[in-house]
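Engineer: give me a 3D structure for the following:
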Amino acid sequence: MSEPGRRRGRAHDAEGAREAILNAAETVFAEHGFDGARIDAIAATAGYNKSLIFQYFDDKLGLYAEVVRRADREMNELQAGVIAALSEDETIASNAHKFRTFLETTIKIFFDYLVEHPRIMRILLWEMAEGWQTLAKIVSQLNTEDIEPFEMLFHKARSAGLLRSGFVPVIQLTMAMQICLSHLAFLPLYKMLLPGEDVSSAAALARAREYIVAFVVAGMMIDPPETKP
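Structural biologist: As a prediction, this is how the structure comes out:
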């Protein structure tokens, strides 16, 4: 069967077509940013007619919004276990070991997600460079239900003497995530400056993750009291 024939056959699979378009859009948005991305390029990459894109997503912003929502859903699914632990264990905000584990797990999840989804990382970098102006148009469509449990947990941990600061909890977590994002975004620069250093292998990324987790958590949490021998 010819290539066009195969494409017409795929068009009958609506879910498959949507996923192919979203994957193509993620690729093009990562490469060119929102403003530089073209629907024609996304259609060509996906192997579908651009009219189908408009049918499914209305316009370029609607397509971008779904790409971001999909990433948001993936992150929420990865964090589901952490969120469940918050709701099930009332001692997590007063137990230093449990709270430390919560912070470490949260940061590791985000770091690993960025490693496994470099296109999403590039989309975030485009947003940062452009002042988050595109995300501002769709932020109301994102899931923010997990913010309140995090804030309550941080306030309780602060009252229990586990946290150094009462600074805005969401910003504290976002700063931790920014460090993960910055490290991974700087890898090409590290390779240029440190040509003999292994900075991007799986082992190197694992070492970087452990360092970032230890660095961030030590800065957020109060040191445990020294025990006398």
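
Engineer: buried ones in stretch 17-29?
Structural biologist: 17, 18, 20, 21, 22, 23, 24, 25, 26, 27, 28, 29 (16 or more other Cβ atoms under 10 Å). No exception for glycine: its C-beta is placed from N, CA and C like everyone else's.

Engineer: which one of those is nearest residue 82?
Structural biologist: Nearest to residue 82 out of the buried residues of stretch 17-29 is residue 26 (Cβ to Cβ; 24.9 Å).

Engineer: doesn't residue 69 make contact with the closest one?
Structural biologist: No. Applying Cβ atoms under 8 Å, one finds residue 26 not in contact with residue 69, separated by 11.8 Å.

Engineer: still on that earlier bit, save the buried residues of stretch 17-29 as a markdown table, and put in secondary structure, distance to residue 103 and pLDDT too.
Structural biologist: A markdown table is the format used below for the buried residues of stretch 17-29 (DSSP: H, G, I helix; E, B strand; the rest coil; distance: Cβ to Cβ, whole Å; pLDDT from 0 to 100):
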| residue | secondary structure | distance to residue 103 | pLDDT |
| --- | --- | --- | --- |
| 17 | helix | 41 | 92 |
| 18 | helix | 36 | 94 |
| 20 | helix | 38 | 95 |
| 21 | helix | 37 | 96 |
| 22 | helix | 32 | 97 |
| 23 | helix | 32 | 97 |
| 24 | helix | 36 | 97 |
| 25 | helix | 33 | 98 |
| 26 | helix | 29 | 98 |
| 27 | helix | 33 | 98 |
| 28 | helix | 35 | 98 |
| 29 | helix | 31 | 98 |
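
Engineer: looking at those, spot the one nearest residue 224.
Structural biologist: Nearest member of those to residue 224, counting by Cβ to Cβ, is residue 26, at 42.8 Å.

Engineer: distance of that closest one from residue 166?
Structural biologist: 38 Å (Cβ to Cβ, to the nearest Å).

Engineer: what do you get for residue 114?
Structural biologist: Applying Cβ to Cβ, the value for residue 114 to residue 166 is 28 Å.

Engineer: more neighbours: which of those two?
Structural biologist: Using other Cβ atoms under 10 Å, the more surrounded residue of residue 114 and residue 166 is residue 114, with 18 against 11.

Engineer: where does the more buried one land in three-state SS?
Structural biologist: Using DSSP: H, G, I helix; E, B strand; the rest coil, the structure places residue 114 in helix.

Engineer: low pLDDT regions in this structure?
Structural biologist: 1-12, 87, 225-229 (pLDDT under 70).

Engineer: strands of that one, start to end?
Structural biologist: With DSSP state E, there are no strands along the chain.

Engineer: give me the helices and strands touching the longest helix that it contains, please.
Structural biologist: In the chain, taking DSSP state H as the definition, the longest helix is helix 60-88. Secondary-structure packing of helix 60-88 (3 or more Cβ pairs under 8 Å, 6 or more residues apart in numbering; DSSP states H and E): helix 14-36, helix 39-46, helix 50-57, helix 96-116, helix 118-129, helix 135-138, helix 147-159.

Engineer: name the residues that touch the first one?
Structural biologist: When contacts are defined by Cβ atoms under 8 Å, 6 or more residues apart in numbering, helix 14-36 is touched by residues 10-11, 37-38, 41-43, 45-48, 52-53, 56-57, 60-61, 63-64, 66-67, 70, 118-120, 122-123, 126, 129-130, 134.
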